[in-house]
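Enquirer: Need a 3D model of the following:
(chains A and B)
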Amino acid sequence: MERLEEQITVNKEHGLHARPATIFVQLANKFNSSIRLDKAGEAVDGKSIIAILSLGVNKGMQVNLIVEGSDSEEAMQELKKFLEAEDD
Amino acid sequence: MIKLKGIAVSGGVGIGTVLVLRKDEFSIPKRKISHDEISREIYRLEEALIETRRQISQLQKNISKDIGFDHGRIFEAHFLVLEDRVLIEDVIKQIKIRKVNVEYAFSQSIKKYVDTLLKLNDEYLRERVVDIEDIARRVLRTMLKEKAVALSDLKEKVVIVAHDLAPSQTASLPKDNVLGFVTEIGGRTSHTAIIARTLRIPAVVGLESATENIKSGDKIIVDGSSGEVIVQPTEKILKQYQKRSTLYTKEIKSIHISKILRPRTKDGKETIVSANIELPEEIPLIKQYGAEGIGLYRTEYIFLGRRDLPSEEEQYEAYRTVAKKVKPHGVVFRTIDIGGDKFLSRPEVPKEMSPFLGWRAIRFCLARPEVFKAQLRAMLRASAEKNVNIMFPMISGIEELRQAKNILEQCKEELKQEGKSFDDKVPVGTMIEVPSAALTADALAKESAFFSIGTNDLIQYSLAVDRANEKVAYLYEPGHPAVLKLIKQVIDAAHDNNIWVGMCGEMSGEPIFAVLLLGIELDKFSMSAPQIPKIKELIANVTFKDAQRIAREALKLLTAKEVEKYLQEELKNILGDNFYHILMI
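Expert: Reported below is the predicted structural model:
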């Protein structure tokens, strides 16, 4: 069980709203690891669309991605790549 | 106890338990559950989520097949919500800790998240909120499948509280189990008000935030005569109103339905009192109330609540049934009086800023002769029964009347050639409801077989008041001197040209104005059926001479309030206090 945490700047045009949030949650659900997204101390379940949307992440904001579990490295890599990419 | 006040639209006192109706036509019951029921409620949650998932899969398949895979993807977010761990855990937590039923727990969780999302005030999120609410509705509907509070099978007596009631909702109400209506929007002539009066159910409308202040299960008193609504009343108040309710029922019963068809004033002037209806099924009812025929048959209802247009044949069947059933009396069919948006797709009809001033009624019909002609041909064919009159709504000047009559003549020509029978002399009248028509009534009368004054619109157009807007509804005054003058002018113009003139607006069924209208020589009164016995009774208890004097004096007054006060005093004098009160309820 490896716990990874990285600070990531979200570059998506509309932040983590609408389709990007949907895709993020779909991606997150592929992994066994627990995935949490922390915005300014408020951490939510990365596998929950409602929680992600409620976080209100806009373009340019910094979030901490916390991944913990058997496939944490792979999860971190893929999710980070998605968040940092400008468009999906 | 909370006292609220709205617009009184249908008399009587209703006392009972509240059922709040949300827009989605079902209401979410809240129920405390016992410890033993927890696992069952959680099971029901899982079951509903799985079933909804199946439904959406199906929907997605259909859409992908019909318009391509990409559109099917719009449901991806729906699936995520259905599997959302945070949401599901929250619902389970509520079921376990607050010990409430799953429908309630689920709707509360959804509400919590939706509120959070809306607070973020982000345009993109709003789109997601729509998705979440849509999916939530689907899940709730699945959960409520068997126990849905379908309006048609209300088992207990309730007072209905809603933002507004759609015609489809009121139509499916089991009348015996509705003790009263309270709605947030609307005015005296809104759909709910008219239905409530027809069914004799106490109703108060225009009560802002009613669905927030009143909850399902609350005890409530609805006073449809004063507009007062009392939530969770004290014992004392409750007793007081129970007494009034009994009294009211007794009084209503004491007005017997007059056996005489055509009422006659004490000095012998006869007046015709007929009914306004929408559906053929209402005909037995209006006969019971003693209506002399149908003064206004609203044809819109054949067109509403469907996607296609009713064919000429279908309309013909409907109109002919009405004409046959109403015999030996006659019927006035009004051609469609709704906006183009009801018939055509959105892109063709841009959303109008002021629909009441927009593309509707005769304006729409003249622009769409194919729709208009199907209706006119159906009406003409029904006129073979020899008791049919045709009337055009929203006429604003002679040109429109001529155009409409022109199309009618074309239809007659066609029918002749096709060898179909109709009444070649079918009387064609003009509805007077636009101030410009009232002011040019003299010209219109020369080319009309009759007039019918539509006061609901005439008042709102003359006084520039949107009667459904609760902020200005108080300005909607039938007794306004301007309105009275217009009405008198129309009646005089009709009589100068030897045609009859009726009134089919709500005003003609209001006892307080009946004597005044009689005095300015309105020939025919047409109203919702339950008002008929009262108006007849009233006419039979005054003299035409008094009515003329009262009208003369009332027309000299300067404000609607003065007019109403004067009419009240005169009627009290003539009828005596007791009888006056019975008639005025």
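
Enquirer: Give me the neighbour count for B:V161.
Expert: 28 (other Cβ atoms under 10 Å in any protein chain shown). C-betas here are computed from N, CA, C, even on glycine.

Enquirer: B:G180 touches B:I160, doesn't it?
Expert: Yes. Look at B:G180 against B:I160 with Cβ atoms under 8 Å: they come within range, at 7.2 Å.

Enquirer: what is the mean pLDDT for stretch B:285-302?
Expert: Averaging pLDDT along stretch B:285-302 yields 87.

Enquirer: Next, the distance between the ends of that stretch.
Expert: Criterion Cα to Cα, to the nearest Å; first-to-last residue distance in stretch B:285-302 is 20 Å.

Enquirer: Could you give the separation of that stretch from the chain centroid?
Expert: 15 Å (Cα atoms, centre = their mean, to the nearest Å).

Enquirer: Tell me how far B:E409 lies from A:M76.
Expert: Shown here: B:E409 relative to A:M76, a distance of 81 Å by Cβ to Cβ, to the nearest Å.

Enquirer: Those two: who's more crowded?
Expert: A:M76 (22 against 12).

Enquirer: Contacts only, for B:I487.
Expert: For B:I487, the contacting residues are B:438, B:453, B:455, B:458, B:503, B:517, B:520, B:522, by Cβ atoms under 8 Å, 6 or more residues apart in numbering or on different chains.

Enquirer: could you redo the last one with a cut-off of 7 Å?
Expert: With contact set as Cβ atoms under 7 Å, 6 or more residues apart in numbering or on different chains, B:I487 has these partners: B:453, B:520.

Enquirer: who in chain A is up against chain B?
Expert: A:14, A:17-18, A:22, A:25, A:45, A:47-51, A:53-54, A:56 (Cβ under 7 Å from any Cβ of the partner chain).

Enquirer: got the end-to-end distance for stretch B:414-427?
Expert: Distance between the boundary residues of stretch B:414-427 (Cα to Cα) amounts to 19 Å.

Enquirer: buried residues in that stretch?
Expert: The neighbour-count criterion (16 or more other Cβ atoms under 10 Å in any protein chain shown) identifies B:415, B:422-423, B:426-427 as the buried residues of stretch B:414-427.

Enquirer: Now render the residues you listed as CSV, adding pLDDT.
Expert: Output for the buried residues of stretch B:414-427, formatted as CSV (pLDDT from 0 to 100):
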residue, pLDDT
B:L415, 97
B:F422, 96
B:D423, 96
B:V426, 97
B:P427, 98
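
Enquirer: Out of those, flag the one nearest to chain A.
Expert: Set against chain A, the nearest of the buried residues of stretch B:414-427 by Cβ to the nearest Cβ is B:L415 (57.4 Å).

Enquirer: B:V388 against B:K425, yeah?
Expert: No. B:V388 is beyond contact range of B:K425, at 10.6 Å (criterion: Cβ atoms under 7 Å).

Enquirer: Mind listing the shared neighbours of those two?
Expert: When Cβ under 7 Å, 6+ apart defines a contact, no residue borders B:V388 and B:K425 alike.

Enquirer: circling back to that earlier point, any idea which of the residues of chain A next to chain B is least confident?
Expert: pLDDT across these is lowest for A:A18, at 66.

Enquirer: on that earlier part again, between the residues of chain A next to chain B, which has the most around it?
Expert: For those, neighbours tallied by other Cβ under 10 Å; top is A:I49, 32 neighbours.

Enquirer: returning to what we had before: in strands only, show me the residues of chain A next to chain B.
Expert: Among the residues of chain A next to chain B, DSSP state E puts A:D45 in strands.

Enquirer: Export the residues of chain A next to chain B to TSV and append columns for distance to B:K324.
Expert: TSV is the format used below for the residues of chain A next to chain B (distance: Cβ to Cβ, whole Å):
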residue	distance to B:K324
A:H14	63
A:H17	61
A:A18	59
A:T22	60
A:V25	63
A:D45	68
A:K47	67
A:S48	64
A:I49	60
A:I50	59
A:A51	65
A:L53	60
A:S54	63
A:G56	65
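
Enquirer: what's around the nearest residue to B:P355 once chain neighbours are set aside, how many residues?
Expert: Distance criterion Cβ to Cβ, 6 or more residues apart in numbering or on different chains; nearest residue to B:P355, sequence neighbours excluded, is B:G339 at 5.5 Å. Residues near B:G339, counting by other Cβ under 10 Å, number 18.

Enquirer: Would you verify that B:A275 is located in a strand?
Expert: Yes. Under DSSP: H, G, I helix; E, B strand; the rest coil, B:A275 sits within a strand.

Enquirer: Tell me what it is bridged to.
Expert: B:I294, B:M527 (DSSP bridges).

Enquirer: Verify the stated contact: it with B:P530.
Expert: No. Contact criterion Cβ under 7 Å: B:A275 and B:P530 do not qualify, at 9.5 Å.

Enquirer: Settle it for me: which of the two has more neighbours?
Expert: B:A275 (32 against 19).

Enquirer: For chain B, which residues are neighbours of chain A?
Expert: B:76-77, B:80-81, B:84-87, B:113, B:116-117, B:120, B:122, B:124-125, B:127-128.

Enquirer: go with 6 Å
Expert: By Cβ under 6 Å from any Cβ of the partner chain, the residues of chain B that approach chain A are B:76-77, B:80-81, B:84-87, B:113, B:116-117, B:120, B:124-125, B:128.

Enquirer: out of the residues you listed, who has the most neighbours?
Expert: Neighbour counts for these peak at B:V81, which has 28 neighbours (criterion: other Cβ under 10 Å).

Enquirer: Name the spans of the stretch 351-500 of chain B whose pLDDT lies under the cut-off.
Expert: For the stretch 351-500 of chain B, the stretches with pLDDT under 70 are B:351.

Enquirer: circling back to that earlier point, among the residues of chain A next to chain B, name the ones in helices.
Expert: Judged by DSSP state H, the subset of the residues of chain A next to chain B located in helices is A:18, A:22, A:25, A:49-51, A:53-54.

Enquirer: Going by distance to A:V67, which of the residues you listed wins?
Expert: A:V67 lies nearest to A:V25 out of those, by Cβ to Cβ, at 14.3 Å.

Enquirer: so who does that closest one touch?
Expert: Neighbour list for A:V25: A:49, A:52, B:80 [criterion: Cβ atoms under 6 Å, 6 or more residues apart in numbering or on different chains].

Enquirer: close enough to count as contact, the last one and A:I50?
Expert: No. B:L80 lies out of contact with A:I50 (Cβ atoms under 6 Å); the separation is 8.5 Å.

Enquirer: Name the residues contacting each of those two.
Expert: Common contact partners of B:L80 and A:I50 (Cβ under 6 Å, 6+ apart): none.

Enquirer: thinking again about what came up before, nearest to B:G187 among the buried residues of stretch B:414-427?
Expert: Of all the buried residues of stretch B:414-427, B:G187 sits closest to B:P427, with 32.1 Å by Cβ to Cβ.

Enquirer: Could you look up the SS state of B:G14?
Expert: Under three-state DSSP, B:G14 falls in the strand class.
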